[in-house]
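**Student:** pasting the structure only:
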């Protein structure tokens, strides 16, 4: 069996952790909004595509599951008054 090696960008390793995944999602949101093409679903699809491209993984089965996870993640990033503590 032959081993296959591929080069991956260092930033892509962050995709494997939830916080890094959402950082990349927000990167795509900002990138798309500056082009006047912002849709949150498109930012999600781009993030999933990168994760799959580099690691042959998908973090969320579909956009609805992603939205639920994002809501949960954001709730963990807010204080008792609902103020966002740190969300990129």
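**Tutor:** Looks like it arrived, so ask away. Since we're looking at a predicted model, the values are computed, not measured. Residues are numbered from 1 along each chain as shown.

**Student:** residues making contact with stretch 23-34?
**Tutor:** When contacts are defined by Cβ atoms under 8 Å, 6 or more residues apart in numbering, stretch 23-34 is touched by residues 11, 14-15, 38-40, 42-44, 46-47, 50, 70, 87-88. No exception for glycine: its C-beta is placed from N, CA and C like everyone else's.

**Student:** Mind doing that once more with 10 Å?
**Tutor:** With contacts defined as Cβ atoms under 10 Å, 6 or more residues apart in numbering, stretch 23-34 is touched by 11-12, 14-15, 17, 37-40, 42-51, 59, 66, 70, 73, 87-88.

**Student:** I would like a PyMOL command selecting only the buried ones among the residues you listed, please.
**Tutor:** Selection of the buried residues among the contacts of stretch 23-34 in PyMOL, burial being defined by 16 or more other Cβ atoms under 10 Å:
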select buried, resi 15+43+44+46+47+48+50+51+59+66+70
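
**Student:** Which ones among the contacts of stretch 23-34 lie within helices?
**Tutor:** Counting by DSSP state H, the part of the contacts of stretch 23-34 found in helices is 40, 42-51, 66, 70, 73.

**Student:** Can you lay out those residues as CSV showing pLDDT and distance to residue 24?
**Tutor:** As requested, those are exported to CSV (pLDDT from 0 to 100; distance: Cβ to Cβ, whole Å):
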residue, pLDDT, distance to residue 24
40, 94, 13
42, 95, 13
43, 96, 9
44, 97, 10
45, 97, 12
46, 96, 8
47, 98, 5
48, 98, 10
49, 97, 11
50, 97, 7
51, 97, 8
66, 97, 13
70, 94, 13
73, 87, 13
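
**Student:** Closest one to residue 22 out of those, please.
**Tutor:** For those, the residue nearest residue 22 by Cβ to Cβ is residue 73; the value is 5.9 Å.

**Student:** Surely that closest one is in contact with residue 22?
**Tutor:** Yes. If you go by Cβ atoms under 10 Å, residue 73 and residue 22 touch, sitting 5.9 Å apart.

**Student:** What strand or helix carries the closest residue to residue 40 other than its chain neighbours?
**Tutor:** What sits nearest to residue 40 in space, not counting adjacent residues and going by Cβ to Cβ, 6 or more residues apart in numbering, is residue 29, at 6.8 Å. Per DSSP states H and E: residue 29 is located in helix 18-34.
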